[in-house]
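Engineer: here is a sequence together with a model predicted from it:
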Amino acid sequence: MRRFARLVLGLLLAPLLAAAPARADAPSFANWAAVVVAGDWHAHSGGPTEAFDNARRDVGAALLDFGFSREAVRQYSVRPRRYPAPRPRKTDLGAIHADLRDLATKNPGGCLVYLTSHGAPEGALLGEDILPPSLLAAAVDDACPARPSIIVVSACFSGVFVKPLQREDRMILTAARPDRASFGCSEDDKYPYFDDCFLSSASTAHDFAALGRAVQACVARRERDTGAEPASEPQLWIGAGLRPLLPLYAFPPRAPVRPAAPPKRR
């Protein structure tokens with residue numbers, strides 16, 4: 001009888017324990033600032049594509065699942081009036097820099113920058129201009145000094161951003177090594193390969209370090225399956241000061257990301 005009573009009590013308490021909040025002193029992304037940027041709207045053919053804005057929108061939603069505050073995440077699009085929700089702002093480096101600095105002042109825990117666009121050996125396309133690695137590094141240095149930061153650049157040749165952005169308290173994840181293209185930005189692609197892997201891996205990764213490794217493996221599989229070559233080889237770099245801290249920023253348990261349907265082309 002006692003054994004049966006303990007079993008019943010255990011069954012009754014299990015849902016309550018599962019729903020118990022995380023430790024109050026556990027680090028989280030609730031006081032981090034984040035900007036998510038779509039830098040272009042053209043496919044590699046020159047025609048229109050929704051791939052970058054689809055990624056921008058759904059990465060923004062994934063960050064909320066990771067524990068970021070809705071008020072601390074801002075999105076940017078080259079064609080913001082096309083997307084009534086979540087109302088992205090116009091892609092412009094000056095505005096993005098100013099917004100990141102403002103968000104970081106109000107949310108001093110850390111910073112995240114996610115950029116998805118076309119790329120070149122000189123940097124990533126941001127609207128009509130090329131954003132060089134040195135300029136992005138200067139913007140992050142100014143807006144987010146002396147705090148952990150995560151920078152993700154999804155673009156061809158985006159490995160050129162790794163070295164200029166390196167700091168002890170940073171993680172840098174790029175879609176390709178410095179001398180390689182990345183794939184998946186045709187007129188019919190829903191996302192670039194890298195962004196697709198970021199989103200599909202998000203629901204099972206424990207933290208950003210694990211997510212970065214999962215994205216690398218996912219991209220390699222995707223490229224083998226589709227015959228895309230040479231391999232883009234996404235790059236992952238984590239500073240020594242941040243490496244032991246990232247596992248402490250564990251993602252909350254969550255359901256798999258279900259991206260919204262892309263808007264119809266006009």
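Structural biologist: That came through fine.
Engineer: how close does Ala104 get to Gln75?
Structural biologist: To Gln75, Ala104 is 16 Å away according to Cβ to Cβ, to the nearest Å. (Each C-beta comes from the backbone N, C-alpha and C, glycine too.)
Engineer: identify the bridge partners of the residue most central in space within the chain.
Structural biologist: For the chain, Tyr114 is the residue whose C-alpha lies nearest the centre (Cα atoms, centre = their mean; 4.8 Å). Beta bridges link Tyr114 to Val36, Val152, judged by DSSP bridges.
Engineer: and it, how far is that from Pro244?
Structural biologist: 23 Å.
Engineer: all the strands of the chain, in order from the start?
Structural biologist: Using DSSP state E, the strands of the chain run over residues 32-38, 73-77, 89-90, 110-116, 119-120, 123-126, 129-131, 149-154, 170-174, 235-238.
Engineer: looking at the ones you listed, which is nearest to Leu100?
Structural biologist: For the strands of the chain, proximity to Leu100 was assessed by Cβ to Cβ; strand 32-38 is nearest, at 5.2 Å.
Engineer: quick one on the thing from earlier: any chance of TSV for the strands of the chain, columns mean pLDDT and distance to Asp65?
Structural biologist: Conversion of the strands of the chain to TSV gives the following (pLDDT from 0 to 100; distance: least, Cβ to Cβ, whole Å):
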stretch	mean pLDDT	distance to Asp65
strand 32-38	98	12
strand 73-77	98	11
strand 89-90	97	22
strand 110-116	98	13
strand 119-120	97	27
strand 123-126	98	25
strand 129-131	97	27
strand 149-154	98	15
strand 170-174	98	18
strand 235-238	98	21
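Engineer: need these in TSV (columns: distance to Glu187).
Structural biologist: Converted to TSV, these look like this (distance: least, Cβ to Cβ, whole Å):
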stretch	distance to Glu187
strand 32-38	15
strand 73-77	17
strand 89-90	23
strand 110-116	16
strand 119-120	18
strand 123-126	17
strand 129-131	22
strand 149-154	18
strand 170-174	24
strand 235-238	27
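Engineer: looking at the ones you listed, which is closest to His97?
Structural biologist: With Cβ to Cβ as the criterion, His97 lies closest to strand 32-38 of those, at 9.1 Å.
Engineer: okay, and the beta partners of Arg170?
Structural biologist: Going by DSSP bridges, Arg170 forms beta bridges with Ser149.
Engineer: now Ile238
Structural biologist: Applying DSSP bridges to Ile238 yields these beta-bridge partners: Met171.
Engineer: ditto for Lys90
Structural biologist: Ser77.
Engineer: how about it, what does it touch?
Structural biologist: Applying Cβ atoms under 8 Å, 6 or more residues apart in numbering to Lys90 gives the contacts 76-78, 80.
Engineer: elements contacting the helix of greatest length in the chain?
Structural biologist: For the chain, the longest helix by residue count, based on DSSP state H, is helix 208-226. Applying 3 or more Cβ pairs under 8 Å, 6 or more residues apart in numbering; DSSP states H and E, one finds that helix 208-226 contacts strand 170-174, helix 193-202, strand 235-238.
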